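S.K.: sequence unavailable; structure follows:
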């Protein structure tokens, strides 16, 4: 394990919280080196530097945004990604089957050295591990303040999304040989099955199938979203007429409006956006598959 470094990104910015999380992580990892990010983009730069220094395992200690940054920092190298999930939801950790609320067990998985090759999608050249969103959810990320997130947690995004869904939706143009529809109001692009927690929004997805899973809301209304969520949780089929689902290795989305894009819960510019899948391009330390 001497080739392992941990990159800690405390998700609340006060000094006391940073110290608490550092002590907790240090008690688990022993005397291994730990690097702490202090501002936006730090974790990616620290991961890139770790690769340059010769570390073979770079462990992201934080939420999905931290995992995203570390994945971008090690992309294209021979380094392997480990995860200590410290965020509110940790969707990618769930996707991999990492135990929630059990950092010790997650560290044991890192120590076990079981490597899984998973797909690594990109949007306009930036990698993401779990999800891309264009329109509604990206707008919710953009409009949800840090104070609102700290007071209400994940519920803050739902409240913002409800307000945004009541507005005139944007018009998105979809370019893909596999797309059954050419226009929409809101798109989600998945690598794995889960979105927003333990919700299998992308029912046909596999994290190593070489395909992007795309959900298109042709008509944006909160009722359509709730109906789709109902099908996601309670049905094996998608029965909402204003929703299309397809798989593709690449996708382009454009708009005449300024429509925001989010990747793994972080803002990543506006349309136009080109999505591409890089098959089995990321090595991840993950649990052994169930027998």
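M.R.: Cool, the structure landed. Keep in mind that what you see is a predicted model, and the values were worked out from it rather than measured.

S.K.: and the next element down the chain from the helix or strand in which residue 20 is found?
M.R.: Using DSSP states H and E, residue 20 maps to helix 15-29. Once helix 15-29 ends, the next helix or strand along the chain (criterion: DSSP H and E) is strand 34-36.

S.K.: list the helices and strands the helix or strand following that next one packs on?
M.R.: Next helix or strand after strand 34-36 toward the C-terminus (DSSP H and E): helix 42-52. Applying 3 or more CB pairs under 8 Å, 6 or more residues apart in numbering; DSSP states H and E, we find helix 42-52 packed against strand 4-8, strand 57-62, helix 64-74. No exception for glycine: its C-beta is placed from N, CA and C like everyone else's.

S.K.: residues touching the shortest one, excluding its own?
M.R.: Just to be clear, that refers to strand 4-8. For strand 4-8, contacts defined as CB atoms under 8 Å, 6 or more residues apart in numbering pick out 21-22, 25, 29, 32-37, 43, 46-47, 50, 53, 55-62, 66, 70, 82, 84, 86, 110.

S.K.: mark which of those residues are buried, thanks.
M.R.: 21-22, 25, 29, 32, 35-37, 43, 46-47, 50, 55-62, 66, 70, 82, 84, 86, 110 (16 or more other CB atoms under 10 Å).

S.K.: one step back: pLDDT of the helix holding residue 20, averaged?
M.R.: The average pLDDT within helix 15-29 is 81.

S.K.: what do you get for stretch 283-291?
M.R.: 86.

S.K.: can you point out the buried residues in that stretch?
M.R.: Those would be 283-287, for stretch 283-291 by 16+ other CB under 10 Å.

S.K.: now stretch 170-178
M.R.: Neighbour-count burial for stretch 170-178 flags 170, 172, 174, 176 (criterion: 16+ other CB under 10 Å).

S.K.: I'd like to know which helix or strand in this structure has the lowest mean pLDDT.
M.R.: Using mean pLDDT, DSSP states H and E, helix 146-152 stands out as the lowest-scoring helix or strand of the chain, at a mean of 49.

S.K.: how about residue 122, what does it touch?
M.R.: Counting by CB under 8 Å, 6+ apart, residue 122 has contacts 128, 275-276, 278.

S.K.: measure it to residue 51 for me?
M.R.: 18 Å (CB to CB, to the nearest Å).

S.K.: and residue 142, by the same measure?
M.R.: 31 Å.

S.K.: tell me the domain ranges of the chain?
M.R.: Using automatic domain parsing, the domain parsing of the chain gives 4-113, 127-279.

S.K.: and the ones you listed, which one's lowest on average pLDDT?
M.R.: Among those, domain 127-279 carries the lowest mean pLDDT (a mean of 83).

S.K.: so which residues of the stretch 101-250 of the chain form helices?
M.R.: Here the stretch 101-250 of the chain has its helices, by DSSP state H, counting those that start in this stretch, at 103-112, 136-143, 146-152, 155-165, 222-234.

S.K.: residue 40 versus residue 66, what's the distance?
M.R.: Distance of residue 66 to residue 40, computed by CB to CB: 11 Å.

S.K.: actually residue 121, sorry about that
M.R.: Distance from residue 121 to residue 40, counting by CB to CB: 22 Å.

S.K.: which of these two has more residues huddled nearby?
M.R.: Each of residue 121 and residue 40 has its neighbours counted (other CB atoms under 10 Å); residue 121 has more, 28 against 11.

S.K.: what is the burial count for residue 19?
M.R.: Neighbours of residue 19 under the rule other CB under 10 Å: 12.

S.K.: I meant residue 252, not that one.
M.R.: Around residue 252 there are 15 other residues, counting by other CB under 10 Å.

S.K.: fine by me, we can end here.
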